[in-house]
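Peer 1: Pasting a predicted model and its sequence here:
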Amino acid sequence: MRYILNSAVITAPGTYEYRVIDPTLARAWAEKGSFMSTIGYTETAAFATELLGVPVPVNRVMVSMAPGDEALVVRLVLPPGSPRIDPSDKGRLGRLVLEGNFELGLLRRLQ
């Protein structure tokens, strides 16, 4: 199974591999085939859709990755020393905050 996540989370016990990738590789991954979005916020899904060039729907679900599963991670990364985001602001982060403050990664469950 293939997923899009908004954080690099360990969804089930196992061995994982995570590597940061560039937008070109992320777009190629997204265009390669079907995936399940687990993005729970409209703004994040819209940002991922624009960045990847494929529809990324809002779908607030939890998943449990099995061996062989992989996930494209689109996560917010603020500069060191930045204050934590107030939980009440989640889902309301403007485009200006997201641009340049994200990381793309590929998470694979190996076993």
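Peer 2: Thanks, I have it. Residues are numbered from 1 along each chain as shown.

Peer 1: Lowest mean pLDDT among the helices and strands, pick that one out for this protein.
Peer 2: Least confident helix or strand, the chain: helix 95-98 with a mean of 57, by mean pLDDT, DSSP states H and E.

Peer 1: Find the nearest non-adjacent residue to residue 107, please.
Peer 2: residue 71 (4.5 Å; CB to CB, 6 or more residues apart in numbering). Backbone N, C-alpha and C define where each C-beta goes, glycine included.

Peer 1: host element of the one you found?
Peer 2: Per DSSP states H and E, residue 71 falls inside strand 70-76.

Peer 1: Do a quick rundown of the helices in this protein.
Peer 2: 23-31, 42-52, 95-98 (DSSP state H).

Peer 1: Report the buried residues of the first one.
Peer 2: For helix 23-31, the neighbour count (16 or more other CB atoms under 10 Å) marks 26-27, 29-30 as buried.

Peer 1: which one of the helices of the chain lies closest to residue 105?
Peer 2: With respect to residue 105, and counting by CB to CB, the nearest of these is helix 23-31 at 8.7 Å.

Peer 1: Please enumerate residues in contact with that closest one?
Peer 2: 4, 21, 51-54, 56, 72, 74, 104, 106 (CB atoms under 8 Å, 6 or more residues apart in numbering).

Peer 1: Filter the residues you listed down to the buried ones.
Peer 2: Looks like those have 4, 51-52, 56, 72, 74, 104, 106 buried, using 16+ other CB under 10 Å.

Peer 1: closest to residue 80 among the residues you listed?
Peer 2: Of these, the one sitting nearest to residue 80 (CB to CB) turns out to be residue 104, at 19.1 Å.

Peer 1: which residue sits closest to the closest one, ignoring its sequence neighbours?
Peer 2: residue 26 (4.5 Å).

Peer 1: So the one you found versus residue 62, what's the distance?
Peer 2: 22 Å (CB to CB, to the nearest Å).

Peer 1: If anything else comes up later, I'll come back, but that's it for now.
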